[in-house]
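A.B. asks: Predicted coordinates and the sequence they were generated for:
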Amino acid sequence: MNGKTHTPLIQVSKRETLPWQKSWLIRGIAIVAALVVCALITTMLTGENPIQVYGSMVSGAFGTGRRIWQLLRNVAILLTISLAVTPAFKMRFWNVGAEGQVMAGALACTVTMLYLGDKLPNALLILVMLIASVAAGALWAFIPAFFKAKWNTNETLFTLMMNYIATQLIAFFIVWKYPNGTGTMGIVNQDTRAGWLPRLGGNEFILIILVSVVITALMYVYLNYTKHGYELSVVGESERTARYVGIKVGKVVLRTLILSGAVCGIVGFLLVAGVHHSISTNIAGGQGFTAVMVSWLAHFNPIMMVFSSFLLCFLGQGADQISTDLGLDHAFGDILTGVILFFIIGSEFFINYKIKFRSGEERKGEIENA
Amino acid sequence: MGEKTAAVKMRDITKSFGKVLANDKVWLDIYRGEILALLGENGSGKTTLMNMLSGIYFPDEGQIYIDGKEVVIRSPKDAFNYGIGMIHQHFKLVDVLTAAENIVLGLPGKLDLKEASRKIREICETYGFSVDPDQKIYTMSVSQKQTVEIVKVLYRGADILILDEPTAVLTPQETDKLFAVLKNMRDDGKAIVIITHKMHEVEELSDRVAVLRHGQFVGDMLTKDTNAQEMTNMMVGHAVTLNIDRPEPKDPKPRIEVKGLTVRDMDGIVKLEDVSFTANSGEILGIAGISGSGQKELLEAIAGLQPVESGSISYIEGDGAREELIGKDPLAIAALGVSLSFVPEDRLGMGLVGNMDLSDNMMLRSFRRGRSLFTDRKAPHKLAENVVEELEVSTPSVSTPVRRLSGGNVQKVLVGREIASAPTVLLTAYAVRGLDINSSYTIYDLINRQKQDGVAVIYVGEDLDVLLELCDRILVLCGGKVSGIVDGRGAKKRDVGMMMTRLGGGRNER
């Protein structure tokens, strides 16, 4: 040991809470770094010009008016699912069953649309469809919540398994309805358009976007300003504290999950009545899981979720465009999305921790010593 | 001490955590053959300083010299190589392994438990420990576990030992034993540092004291040249009185009557057995006992948080009317009009929500008020501001998450909220645990004020000196049974200590 002071190569320490400008700066840097890495990967693996690749990404998202509308609608759908899982997550109830809850809502919606399509006036039909979807979604979330509240079962496994049940129910329904078909379902009520959501101003996207805006605002208020919202955050932070002040934990769990499932049900309704007018086992398209990430990235803040869901949708849509434009396999788009998400999630580490490297002078001393 | 060379010299040690300066150019000398008591209030940087010596933190600035040579301590392993061993407040032992297995765990070389056991016995003989190398950790008492921790660092050849609040979890008898061992080690030429809050221990045990205040080194002196009053003044920075007030009980009337209370935990183990007592209004009833003797279950049963197997808990109103509290949850108890406040042991895990700010924590008790769907944030905000002002809570603002406050301030927030509802019964569990002298006295004052307002206070404590000075009567628990109820005025510490370990203090049980 010589007389110099040596510090460890890297020191990691927890940060004070950063001001939001700084944390967004770090996130911005992460995205830029991700784009650079993606460019390198692209050139190395495909020999394509990375600028061109990014160009098709942007054009995939914003290239035409229709693409922009589509992007916004996709954001609206993903955002609404994310809003649905948020109260559960804030309560530390790991609801990974949004996928199944959306599917349950969608199935209920399809069934009502199909069987009541010619029996009810359109406005009433849509209302009945909405109620059926909300009820089905809520039921799908209520079942695991009930078992959790009553017997403390593991909600992660339970909600996950409910997803498979929902998928199989849809598959069963289609096969049962069309025994000789290909296992897919055609457009429901194509001639009468019964139960189809109206186009506001001739635009099929606006209504869905509006619904998501309203739900965002409502959820923000619910989580931050109501007694229910307060109770569920207390339960999430510490069940013992909740019991100590007389909050009935089981009741709060059930209530919150019914809400969570109900909002998922609304998404199922929007997907069937507003987008596909049909159903398939793939109707939720994995967004129930993506929503988990959206919600976490935004730290359960509904307003921030607008940005995080936008980012994820943009990446998804851009990646699709890359594979069509450049004739690359779809997996390549996924690689890029993966890299970008890796950087974004990784940047959270730098927002929460401070890293101090040893300065050059000190390092010299260390080398001599070694 | 002039001729001795310091075993450890710390010079200009500085360490900051974010904006908080935990140590500011601290100088400290530790000598062999001496017990040094490191004193300071909460947050004065004692533990941080010692953690830097034992390789857990790395100083931002400053030098450490061992036996006159400058060294760099980058990890606990480095610290061990310099003969530095630290015994933490929370033990780091593997429950299912034996003492010997824990002691050799992680050491390089061939595993030879027989040889290890022999060496452990040798260490025990030298210093007067009693450890059975083959005993499993989970069958051990807290004090035995602590002994294993000490033997562990000695086994690894440490001759500079640091003990962080070693007596916090011990009974008086166990403390005496520990002190005897520490003195033996000192006489063997080892350097020993103990971090503590308890003045009488400093006076009894240490040869030298060093005082930190707000992260700065205030001074050191020989213990025999100073006294508790002077040390306290140095710690706090101004003169304080050390006596705890004990006003006479005012018009005591039975308020809570517990009869034949028996409680089992979730595993069916009896936690309280046939406990009976009465708590009076205008009086402080102390509960003494080794930790885990049923104190927690007792308070939680009264508060409606603990299912009860048998017995009764009656709340007696001013006019003599009785209400049975068993089988009611906190909401139902409140609905009876019983204003019962509870300061639980686990402040951030039960009494408060660490991630919420002061206002939101005040709201825990009041958020249900009114029929509105929305929470009323004005009243709790006001209450938070009042508590901050009246109890001198040091916090950047009322919108700071409480987990960022120091232990004493967290406790003030909790106590402040609990007494804000003008309770008739106040339950407190380890109300001053981990608090420095100033904060402790603030809490004693608050509790005394409640007593004078006619509140029935039940005070679960661990420091017998405080229990004996503060409480009107003391109920001693031993293994979930009532070992006896003594008058706080005139009871002897030794007798209460005996009652804590043996039922009734006489017969040999356990």
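C.D. replies: Thanks, I have it.

A.B. asks: C-terminal to the helix or strand harbouring B:F277, what's the next element?
C.D. replies: Using DSSP states H and E, B:F277 sits in strand B:270-280. Following strand B:270-280 in sequence order, the next helix or strand is strand B:283-288 (DSSP H and E).

A.B. asks: and the following helix or strand past that following strand, anywhere near chain A?
C.D. replies: Downstream of strand B:283-288, the next assigned helix or strand under DSSP H and E is helix B:295-302. No - judged by CB under 8 Å from any CB of the partner chain, helix B:295-302 makes no contact with chain A; its nearest approach is 9.0 Å. Every C-beta, even on glycine, is put in place using the N, C-alpha and C of the backbone.

A.B. asks: Output the contacting helices and strands for helix B:295-302.
C.D. replies: Applying 3 or more CB pairs under 8 Å, 6 or more residues apart in numbering or on different chains; DSSP states H and E, one finds that helix B:295-302 makes contact with strand B:254-264, strand B:270-280, strand B:425-429, strand B:456-460.

A.B. asks: what angle separates the strand holding B:F277 from strand B:425-429?
C.D. replies: 140 degrees (axes from the mean of the first three to the mean of the last three CA atoms, to 10 degrees).

A.B. asks: what's whichever residue of chain A sits closest to chain B in contact with, if anything?
C.D. replies: Residue of chain A nearest chain B, by CB to the nearest CB: A:G246 (3.7 Å). By CB atoms under 8 Å, 6 or more residues apart in numbering or on different chains, A:G246 lies in contact with B:D329, B:P330, B:L331, B:A334.

A.B. asks: which two in the residues you listed are spaced the farthest apart?
C.D. replies: Pairwise distances across the contacts of A:G246 peak at 9.3 Å for B:D329 and B:A334 (criterion: CB to CB).

A.B. asks: residue closest to the middle of the chain?
C.D. replies: No chain specified, so I'll use chain A. Nearest to the mean C-alpha position of chain A, counting by CA atoms, centre = their mean, stands A:A291 at 1.4 Å.

A.B. asks: The intended chain is chain B.
C.D. replies: Taking CA atoms, centre = their mean, the centroid of chain B lies closest to B:R433, which sits 3.7 Å from it.

A.B. asks: Next up, the contacts around it.
C.D. replies: B:A168, B:E345, B:E462.

A.B. asks: and stretch B:368-376, how far apart are its ends?
C.D. replies: One end of stretch B:368-376 sits 9 Å from the other (CA to CA, to the nearest Å).

A.B. asks: where does the chain dip in pLDDT?
C.D. replies: Going with chain A. A:1-9, A:11, A:16-17, A:358-370 (pLDDT under 70).

A.B. asks: other chain: chain B
C.D. replies: Chain B contains residues with pLDDT under 70 at B:1-4, B:240, B:505-510.

A.B. asks: Can you give me the buried ones in stretch A:115-128?
C.D. replies: A:L116, A:G117, A:L120, A:L125, A:I126, A:V128 (16 or more other CB atoms under 10 Å in any protein chain shown).

A.B. asks: Which stretches in the stretch 1-150 of chain A count as helices?
C.D. replies: Along the stretch 1-150 of chain A, counting by DSSP state H, counting those that start in this stretch, helices occupy A:20-46, A:50-62, A:65-90, A:98-116, A:122-151.

A.B. asks: The longest one to helix A:98-116, inter-axis angle?
C.D. replies: Which is helix A:122-151. 140 degrees.

A.B. asks: list the helices and strands the next helix or strand after helix A:122-151 packs on?
C.D. replies: Next helix or strand after helix A:122-151 toward the C-terminus (DSSP H and E): helix A:155-177. Contacts defined by 3+ CB pairs under 8 Å, 6+ apart place helix A:155-177 against helix A:98-116, helix A:122-151.

A.B. asks: what does helix A:155-177 contact?
C.D. replies: By CB under 8 Å, 6+ apart, helix A:155-177 touches A:93-97, A:99-101, A:103-104, A:106-107, A:110-111, A:114, A:140-141, A:143-145, A:147-148, A:181, A:183-185, A:279-281, A:283, A:288.

A.B. asks: Put the alpha carbons of that helix into PDB.
C.D. replies: The C-alpha trace of helix A:155-177 is given here as PDB (Å, rounded to 0.1, in the frame of the first residue of the first chain):
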ATOM      1  CA  GLU A 155     -52.700 -13.300  -7.800                       C
ATOM      2  CA  THR A 156     -49.900 -13.300 -10.400                       C
ATOM      3  CA  LEU A 157     -50.400 -17.000 -11.200                       C
ATOM      4  CA  PHE A 158     -54.200 -16.800 -10.900                       C
ATOM      5  CA  THR A 159     -54.600 -13.800 -13.200                       C
ATOM      6  CA  LEU A 160     -52.200 -15.300 -15.700                       C
ATOM      7  CA  MET A 161     -54.100 -18.500 -15.800                       C
ATOM      8  CA  MET A 162     -57.400 -16.700 -16.300                       C
ATOM      9  CA  ASN A 163     -55.900 -15.300 -19.500                       C
ATOM     10  CA  TYR A 164     -55.600 -18.800 -21.000                       C
ATOM     11  CA  ILE A 165     -59.200 -19.600 -20.000                       C
ATOM     12  CA  ALA A 166     -60.400 -16.500 -21.800                       C
ATOM     13  CA  THR A 167     -58.400 -17.400 -24.900                       C
ATOM     14  CA  GLN A 168     -59.800 -20.900 -24.900                       C
ATOM     15  CA  LEU A 169     -63.400 -19.600 -24.300                       C
ATOM     16  CA  ILE A 170     -63.100 -17.400 -27.400                       C
ATOM     17  CA  ALA A 171     -61.600 -20.300 -29.400                       C
ATOM     18  CA  PHE A 172     -64.400 -22.600 -28.200                       C
ATOM     19  CA  PHE A 173     -67.100 -20.000 -29.000                       C
ATOM     20  CA  ILE A 174     -65.800 -19.600 -32.600                       C
ATOM     21  CA  VAL A 175     -65.600 -23.300 -33.200                       C
ATOM     22  CA  TRP A 176     -69.100 -23.900 -31.600                       C
ATOM     23  CA  LYS A 177     -70.600 -21.100 -33.700                       C
END
